[in-house]
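J.: after the sequence you'll find the predicted model.
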Amino acid sequence: MRIDIITGLPKMLDSFIYQSIMQRAQNKGLVEVVVHDLRDYSNNKARQIDDYQFGGGAGMVMMIEPIAKCIRKLQAERKYDEIIYMTPDGKRFEQRIANKLSLLQNIIILCGHYKGVDERVREHFITMELSIGDFVLSGGELAAAVVADAVVRLLPGVLSDETSALTDSFQDNLLAPPVYTRPADFEGWKVPDILLSGHEANIAEWRFQQSLERTKARRPDLLEE
Ligand code: ADE
């Protein structure tokens, strides 16, 4: 898979894409994440990428020209399955969307800033608009990083234990059960006996019941879906 991230603040993403799972996935050749600096596609010497909005009002708007130039250059190199714009008024990003995106070959993620992008970008280039929640970030970079992380960890071979992504919270609309590791007894706080019993079927049943109880208590809305 290839993920191209277009941003006016590439440094915000540099550290993220070279850490931990992201780095490991790229080293294994499972994903290629490329960050593009919008200023490299600006029309003018000042490398300007935003301007005042028509009609007046506070806040700068990201111009269509640098964005169009960058997207078109990428599209000339390969076909993209989705061109995603990160915005608080987009569709709420959820696990099922991460699952779908993880099956794609090439995606572009455009990060907005300031008051957002010129509406014509959304009308003519963007195929999917995503929000990571009902709050406003100062830019789409962190949101793009959230989406990239959630997608990349689903790619086969990225996680060392292949099944572990399947047992995450939300994969079956249930929250994950509690987990424990050594010591079995910490100052009298014990791990549930059943987990030490070695009885696989009983353990699986216990975990399922715990998931169900946890979901009922914390996220009953998931059970209604
Ligand atoms: N850009 C600013 N806020 C955002 C949000 N909540 N989700 C996605 N992109 C954003």
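T.: Arrived safely. Numbering: from 1, shown residues only.
J.: C-alpha only now, for contacts and for neighbours.
T.: OK.
J.: ok, residue 41 touching residue 71?
T.: No. Using CA atoms under 8 Å, residue 41 is not in contact with residue 71; the gap is 9.9 Å.
J.: got the buried residues for the top strand by length along the chain?
T.: For the chain, the longest strand by residue count, based on DSSP state E, is strand 82-92. For strand 82-92, a neighbour-count test (16 or more other CA atoms under 10 Å) marks 82, 83, 84, 85, 86, 87, 88, 90 as buried.
J.: spell out which parts of this structure neighbour the ligand.
T.: 86-88, 130-140, 143 (CA under 6 Å from any ligand atom).
J.: now rank those residues by neighbours and give me the top one.
T.: Greatest neighbour count in these, by other CA atoms under 10 Å, goes to residue 140: 28 neighbours.
J.: looking at it, that one is touching residue 114, isn't it?
T.: No. Residue 140 lies out of contact with residue 114 (CA under 8 Å); the separation is 9.8 Å.
J.: which residues of this protein score low on pLDDT?
T.: Across the chain, the ranges flagged by pLDDT under 70 are 162-163.
J.: residue contacts, the residue positioned nearest the centre of the chain?
T.: In the chain, the residue lying closest to the centroid (CA atoms, centre = their mean) is residue 147, at 0.8 Å. Going by CA atoms under 8 Å, 6 or more residues apart in numbering, residue 147 touches 93, 98.
J.: before we move on, which element is it in?
T.: Per DSSP states H and E, residue 147 falls inside helix 141-152.
J.: over to residue 122?
T.: Here residue 122 is assigned to helix 119-124, by DSSP H and E.
J.: hmm, who's touching that helix?
T.: 64, 67, 68, 85.
J.: which of those residues are buried?
T.: Applying 16+ other CA under 10 Å to these flags 64, 67, 68, 85 as buried.
J.: quick check, nearest of those residues to the ligand?
T.: Nearest to the ligand out of those is residue 85 (CA to the nearest ligand atom; 7.7 Å).
J.: hey, where'd the strands end up in this structure?
T.: Counting by DSSP E, the strands of the chain are 2-7, 32-37, 50-52, 60-62, 82-92, 106-111, 128-131, 185-186, 189-190.
J.: ok so, going back, for the buried ones among the contacts of helix 119-124, give me CSV that also has distance to residue 181.
T.: Listed next are these as CSV, based on distance: CA to CA, whole Å:
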residue, distance to residue 181
64, 52
67, 49
68, 51
85, 40
